[in-house]
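Enquirer: just coords:
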């Protein structure tokens, strides 16, 4: 892997994991603003805590080679849900952070998938 690609990977991992860990911990701490979106969609309160736990687990999982691909898929799906919420229930511009995180998850997935295929060869 080139130095530029490696630096991009480390920056993507760092940015994404900090964002997901912060959002997940806020949901787990019961920060009301983090749970308002779930209430607006008519989802039960426990769902916000579940998503928070998944975000924290994913923030750790993206760093581990054995779980990185699965964590990327899970976090990408969560970001699709966040994008849906902002497009349907909120201002479309508020979906940009979720879109950026979805793109980062896609990038990390592609790089990790390439690494795993290269190591199998």
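Expert: Alright, I've got the coordinates. Since the structure is predicted, the reported quantities are computational estimates derived from the model, not experimental observations.
Enquirer: what about residue 102, how many neighbours?
Expert: 21 (other CB atoms under 10 Å). All C-beta spots, glycine's among them, are computed from the backbone N, C-alpha and C.
Enquirer: And it, how far from residue 76?
Expert: 6 Å (CB to CB, to the nearest Å).
Enquirer: again, but for residue 15
Expert: Distance from residue 15 to residue 76, by CB to CB: 15 Å.
Enquirer: which residues are contacting stretch 47-64?
Expert: 13, 16-18, 20-21, 23-28, 30, 34-35, 38, 67-68, 70-72, 74-75, 78, 81, 105, 108 (CB atoms under 8 Å, 6 or more residues apart in numbering).
Enquirer: roughly how far apart are residue 17 and residue 62?
Expert: 6 Å.
Enquirer: and if you look at residue 78?
Expert: 12 Å.
Enquirer: Mind checking which of those two has more residues around it?
Expert: Per other CB under 10 Å, whichever of residue 78 and residue 62 has more neighbours is residue 62, with 26 against 21.
Enquirer: Contacts only, for the closest residue to that one other than its chain neighbours.
Expert: Closest residue to residue 62 apart from its sequence neighbours, by CB to CB, 6 or more residues apart in numbering: residue 71 at 4.6 Å. For residue 71, the contact set (CB under 8 Å, 6+ apart) comprises 57, 58, 60, 61, 62, 64.
Enquirer: Which secondary structure element is home to residue 71?
Expert: helix 68-89 (DSSP states H and E).
Enquirer: And the next helix or strand past that helix?
Expert: Next along from helix 68-89, by DSSP H and E: helix 96-120.
Enquirer: okay, the angle between that next one and helix 68-89?
Expert: Relative orientation of helix 96-120 versus helix 68-89 (axes from the mean of the first three to the mean of the last three CA atoms, to 10 degrees): 160 degrees.
Enquirer: ok, now which ones touch the residue most central in space within the chain?
Expert: Central residue of the chain (CA atoms, centre = their mean): residue 75, 3.6 Å from the mean position. Contacts here follow CB under 8 Å, 6+ apart; on that basis residue 75 touches 16, 20, 54, 55, 58, 62, 101, 105.
Enquirer: Can you give me the neighbour number for the fifth one?
Expert: The reference is to residue 58. Residue 58 - counted by other CB under 10 Å - has 26 other residues nearby.
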